[in-house]
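J.: build me a structure from this.
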Amino acid sequence: MKEFLKRKNIEISVKRYLIDALGAMAQGLFCSLLIGTIINTVGTQFNIGFLTTPVAVVAGVEYTVGGLAVAMSGPAMAVAIGYALQAPPLVLFSLISVGFASNALGGAGGPLAVLFIAIIAAEIGKAVSKETKIDILVTPLVTIAVGIALAAWWAPALGKAASSVGTLIMWATTKQPFIMGVLVSVIVGIALTLPISSAAICAALSLTGLAGGAAVAGCCAQMVGFAVMSFKENKVGGLISQGIGTSMLQMPNIIKNPRIWISPILCSAITGPIATCLFKMEMNGAAVSSGMGTCGLVGQIGVYTGWVNDVAAGTKAAITGFDWAGLILICFVLPAVLCPLFNMVAMKLGWVHEGDMKLD
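T.: This is a model prediction of the structure:
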């Protein structure tokens with residue numbers, strides 16, 4: 001069995017399934033749901049006709065350019081997962097149907113259903129790939145049959161479970177905005193820097209509202225915090241790569257000296273409750289944006305998209321200067337000020353030394 005799994009490149013490990021696959025799933029979400037949402041927002045805000053006009057009608061439903069991208073989020077996630085698992089072409093392409101079915105049947109928790117089902121379908125597809133003389137029939141048939149069967153069997157339950165957990169977190173945040181603001185901000189911020197996908201986690205849990213705002217705050221504390229703290233060592237290149245790229249770049253340094261992580265975590269514990277209690281900052285855009293922070297400014301675009309949606313729905317009167325002040329302070333100013341201050345204290349205590357955050 002070990003020889004067979006090795007020959008088929010089937011590696012049953014936490015890294016393969018919870019790091020590689022989850023990270024790839026977030027990229028699939030980015031290239032479909034997130035980009036589609038951004039396209040729709042740009043088209044609406046700037047009155048761009050070809051972005052707001054329906055370009056296709058499927059089963060009576062009209063789709064804009066952005067709408068088509070959003071509709072393909074399930075297939076995009078599944079193919080991205082298959083790519084991370086190094087699936088052969090016939091398996092990879094078959095996952096398009098599997099992802100669509102899993103996401104559709106999973107409802108609000110569709111991304112979690114896609115993650116589980118796409119992994120299993122991909123690995124079974126890899127197991128049968130090129131084992132017969134009619135591989136072009138067998139491999140797609142097995143991959144799609146297994147995937148859609150599991151989608152029909154598991155996706156509704158997985159989706160409901162993920163949605164329930166997300167709903168519970170969001171409910172708890174409205175009831176205890178200070179405590180949950182701290183917890184959500186710190187936990188999602190840590191997930192952002194770890195080699196897993198905070199964006200995929202937020203998407204899987206459909207984390208929006210106040211909890212989504214706290215998640216954005218935590219992610220920004222990590223990204224902007226590390227970028228500014230390490231500016232002396234990494235200069236402008238490091239500022240950009242961490243500030244609008246990812247704080248995950250610091251993981252090798254965190255392993256060497258975990259104490260460099262203290263400052264961003266403390267910062268997220270402060271900015272999270274400020275977001276939930278003072279500015280009432282909500283993420284009512286795409287849930288995946290909650291876990292993106294300042295990566296490509298996706299988190300901020302998501303918050304803005306939520307404002308626009310709320311105004312259109314009549315649940316928000318207008319976008320105010322207070323809203324903008326909160327967004328700028330929480331996402332940029334406070335992390336850029338607090339993290340270096342905390343880091344100075346850590347250096348005086350001898351916990352952090354110059355060069356500890358130098359990127360290779």
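J.: where along the stretch 101-250 of the chain do the strands fall?
T.: For the stretch 101-250 of the chain, applying DSSP state E, counting those that start in this stretch gives no strands.
J.: which residues belonging to the helix or strand of the chain with the lowest mean pLDDT are considered buried?
T.: Lowest by mean pLDDT, DSSP states H and E among the helices and strands of the chain is helix 35-45, with a mean of 83. Going by neighbour count (16 or more other Cβ atoms under 10 Å), the buried part of helix 35-45 is Ile35, Gly36, Thr37, Ile38, Ile39, Asn40, Thr41, Gly43, Thr44. (Glycine included, C-beta is placed from N, CA and C.)
J.: repeat for stretch 161-171
T.: So for stretch 161-171, counting by 16+ other Cβ under 10 Å, buried means Ala162, Ser163, Val165, Gly166, Thr167, Ile169, Met170.
J.: columns distance to Ser198 and pLDDT on top of these, output as JSON lines?
T.: Shown next, in JSON lines, are the buried residues of stretch 161-171 (distance: Cβ to Cβ, whole Å; pLDDT from 0 to 100):
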{"residue": "Ala162", "distance to Ser198": "15", "pLDDT": "89"}
{"residue": "Ser163", "distance to Ser198": "18", "pLDDT": "87"}
{"residue": "Val165", "distance to Ser198": "15", "pLDDT": "91"}
{"residue": "Gly166", "distance to Ser198": "14", "pLDDT": "91"}
{"residue": "Thr167", "distance to Ser198": "19", "pLDDT": "92"}
{"residue": "Ile169", "distance to Ser198": "14", "pLDDT": "95"}
{"residue": "Met170", "distance to Ser198": "16", "pLDDT": "95"}
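J.: now, these that are in helices?
T.: Members of these lying in helices (criterion: DSSP state H): Ala162, Ser163, Val165, Gly166, Thr167, Ile169, Met170.
J.: can you lay out the buried residues of stretch 161-171 as a markdown table showing distance to Ala221?
T.: Below are those laid out as a markdown table (distance: Cβ to Cβ, whole Å):
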| residue | distance to Ala221 |
| --- | --- |
| Ala162 | 25 |
| Ser163 | 27 |
| Val165 | 23 |
| Gly166 | 22 |
| Thr167 | 25 |
| Ile169 | 19 |
| Met170 | 20 |
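J.: closest one to Ile187 out of these, please.
T.: Ile169 (9.8 Å; Cβ to Cβ).
J.: for the closest residue to the closest one other than its chain neighbours, give its distance to Leu266.
T.: Residue nearest to Ile169 in three dimensions, not counting chain neighbours: Ala211, with 5.1 Å by Cβ to Cβ, 6 or more residues apart in numbering. Distance of Ala211 to Leu266, computed by Cβ to Cβ, to the nearest Å: 20 Å.
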